[in-house]
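Q: need a structure here:
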Amino acid sequence: MPIGDNQASIMGVAGLARDVAVVNLGTGGQISIPQPEPVWVDGFETRPMPLGGYVLVGASLH
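A: Now for the predicted structure:
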């Protein structure tokens, strides 16, 4: 199954947990918050997660 690097990093750190936020800092940075349903917040992206659900992502670089 194809998977984006952001979604893969969330699954690698938090598995399938839905009650965590993942902060990734490197050459870029993002905060990723799993969501059961799509959520739209100004300045954030909503991305699908493999196996269901979504992730709300705030990235320092767009």
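Q: alpha carbons only for contacts and neighbour counts from here, please
A: Fine.
Q: Helix, strand or coil: sort out Val20 for me.
A: coil (DSSP: H, G, I helix; E, B strand; the rest coil).
Q: Would you quantify the distance from it to Leu61?
A: 22 Å (C-alpha to C-alpha, to the nearest Å).
Q: ok, the two, which is more surrounded?
A: Val20 (15 against 8; other C-alpha atoms under 10 Å).
Q: In the sheet, which residues pair with the closest residue to the more buried one other than its chain neighbours? Tell me.
A: Once flanking residues are discounted, Val20 sits nearest to Ile33: 6.6 Å by C-alpha to C-alpha, 6 or more residues apart in numbering. Assessed by DSSP bridges, Ile33 has beta-bridge partners Leu56.
Q: Could you double-check that Ile33 sits in contact with Leu16?
A: No - with contact defined as C-alpha atoms under 8 Å, Ile33 does not reach Leu16; the gap is 11.8 Å.
Q: so who does the residue nearest to Val20 touch?
A: With contact set as C-alpha atoms under 8 Å, 6 or more residues apart in numbering, Ile33 has these partners: Val20, Ala21, Val22, Val55, Leu56, Val57.
Q: Neighbour-wise, which one of these leads?
A: Val55 (25 neighbours).
Q: ok, now how distant is that residue from Ser32?
A: 6 Å.
Q: Next: Gly58.
A: Applying C-alpha to C-alpha to Gly58 and Ser32 gives a distance of 7 Å.
Q: For the two, work out which one has more neighbours and name it.
A: Using other C-alpha under 10 Å as the criterion, Gly58 and Ser32 rank with Ser32 on top: 25 against 19.
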